[in-house]
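Participant: Got a sequence here, can you build the structure:
(one chain, ligands or ions: 3)
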Amino acid sequence: MDTFLQHRLAVSRKLPDGLILLAGGSPVLRNGDVCHPFRQGSDFLYLSGVEEPDCWVLIDPKRRRHTLFIPKVDSTHRVWLGHVPSPDEARKAYGFQRALQTHRLASVLRRARRGYRVLYADKAAQRRMAGIDAGACRGLTARPAALRDALDCLRAVKDAGELALLRRASSVTGLAFRAAMASVRPGMFEHEVQAVFEAECRRRGLKRLAFESIVASGANSAVLHYHGNDQRIRKGSLVLIDAGAEHLGYAADITRTFPVDGRFTARQRDVYSIVLDAQKAVIDAARPGVLSADLHVRSMTMIAEGLKGLGLLKGNVSGLVEGGAVRLFYPHGIGHMLGLDVHDPSGGRKRRLPNPTKVPVRFVAKLEPGFVVTVEPGIYFIPALLDDPANRRKFRGSVHFARAEAFRGFGGIRIEDDVVVARSGPPLDLTDVPKEIADVELLMAIRRPSGSSRSPA
Ligand code: GLY
Ligand code: MN
Ligand code: MN
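Facilitator: Numbers count the residues shown, from 1 in each chain. Ligands and ions are numbered 1, 2, ... in the order given. All right, here's what the predicted structure looks like:
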């Protein structure tokens, strides 16, 4: 409760000259009369912690008044859905000074607007408000971009309360990874492994996943956002799991890649070691003042060196990075911010910086203590890139396409941890899932009766 109150106070300090109005999410129809499972909007969660649909929050910074509005429900609603908190119960449960039913919103807003000229509300909230009472915001100028910027800026730096929520999301996800990895046998289907992962998250009390789980084996592991999860896991292949649960909206996002048989082959070990070394080096370098773009270039450089060592790339390493050849094997960024959204805002316009590197990167931010970021390099053998005639022409001097041919069907390897940038020194790694080769093999060895590699009945 205090965490969300502090967020309301912080946004009031940033936007002291206007009323701040947020509309919570509403259920979304899926088909017929069935709705998607409801998930509250991230900004609304950030300022309220309220997971119920159809609520509003009004913050009046000058009068230091925060009001939560909750929908009025009739007895039929209670018959089908059970108890719904009264305004007084909601006020106490969520730590607001005042909670009212939503039919009071327009009249409260009309009174509160005295003394203000600005309304900080996004377009959707303005539209919904106009539908309730077209004149409620008269005399106020809406500044949605300023609200977006303030929230992005605040949400980038996680406080102690948020770190506790992220830590729980990560630790449950970690335990679910261990259970899923220990369950894998050749011959199983990808979705059976997914079921073990998701059941473990649920069993430990987390209700939602932060995104759709990826369980990809063999060549599927080279599909970056593979969601089929319906293939049989063949002997000798790699399995990549990229998944995460969320806790009160706060996400985990972890990836591990491991051999279905419990032992890496020499070739798998070679590629895995390059990714792991790059991942550990970037984690160590993720410190305050460092540019995210430089971390990306660092990972590209290490991967280019590694692939050159394997004879898959040739030529000068900085040329392989700047010229884009390494992107044939590593076609995504080093990571992203993590928080209420799995791809969390990167700090607002003020924190975005020019890209000083010679390689294109999606966003450039300078790391600050309290940023939570993922570090997720990878190496993939992607037919769509390696077979593309334009790539074969453009990179014939830097890629050994004939040698890459031997890796057809290998898939890809990604290793992803969630880390908190510390005030000084290396970051705090929230992820507790084995990633060293020996530790992965140990986890896989413990789970299996010796000599048996049969799939369970
Ligand atoms: N799971 C999506 C990502 O790693 O960004
Ligand atoms: Mn991921
Ligand atoms: Mn990620």
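
Participant: Does the most centrally placed residue in the chain lie in a helix or a strand, and which?
Facilitator: The chain has V342 as the residue nearest its centroid, 1.7 Å off, counting by Cα atoms, centre = their mean. Secondary structure assignment for V342, by DSSP states H and E: no helix or strand.

Participant: pLDDT score for it?
Facilitator: Here the pLDDT value assigned to V342 is 97.

Participant: For it, give me its contacts.
Facilitator: Taking Cβ atoms under 8 Å, 6 or more residues apart in numbering, we find V342 in contact with A210, F211, G244, A251, D253, H336. The way it works is simple: take the backbone N, C-alpha and C, and place the C-beta from them, glycine included.

Participant: ok, longest helix in the chain?
Facilitator: helix 160-183 (DSSP state H).

Participant: Would you mind naming what in the protein lies close to ligand 3?
Facilitator: The chain has residues D253, T374 near ligand 3, with proximity defined as Cβ under 5 Å from the ion.

Participant: Can you classify the residue of the stretch 201-350 of the chain found nearest ligand 1 by secondary structure?
Facilitator: The minimum distance from the stretch 201-350 of the chain to ligand 1, using Cβ to the nearest ligand atom, falls at D242 (4.7 Å). What DSSP: H, G, I helix; E, B strand; the rest coil gives for D242 is strand.

Participant: where's the spatially closest residue to A146 that is not a sequence neighbour relative to ligand 1, distance?
Facilitator: Spatial nearest neighbour of A146, chain neighbours left out: Y120 (6.3 Å); criterion: Cβ to Cβ, 6 or more residues apart in numbering. Counting by Cβ to the nearest ligand atom, to the nearest Å, the gap from Y120 to ligand 1 is 30 Å.

Participant: and Y120, what are its phi and psi?
Facilitator: Here is the backbone geometry of Y120 (degrees, to the nearest 10): phi -90, psi 100.

Participant: for the residue of the stretch 201-350 of the chain closest to ligand 1, which residues make a bridge with it?
Facilitator: I214, T255 (DSSP bridges).

Participant: Next, the buried residues of the lowest-mean-pLDDT helix or strand in the chain.
Facilitator: Least confident helix or strand, the chain: helix 348-351 with a mean of 74, by mean pLDDT, DSSP states H and E. Neighbour counts using 16 or more other Cβ atoms under 10 Å place G348, R351 of helix 348-351 among the buried residues.

Participant: Likewise for stretch 259-276?
Facilitator: Quick answer for stretch 259-276 (16+ other Cβ under 10 Å): P259, V260, D261, G262, F264, Q268, V271, Y272, S273, I274, V275, L276.

Participant: Average pLDDT for the helix or strand R91 falls within, rounded please.
Facilitator: Per DSSP H and E: R91 is located in helix 87-94. Averaged across helix 87-94, the pLDDT comes to 95.

Participant: Can you name the element that comes right after that helix?
Facilitator: Criterion used, DSSP H and E; the element after helix 87-94 is strand 98-101.
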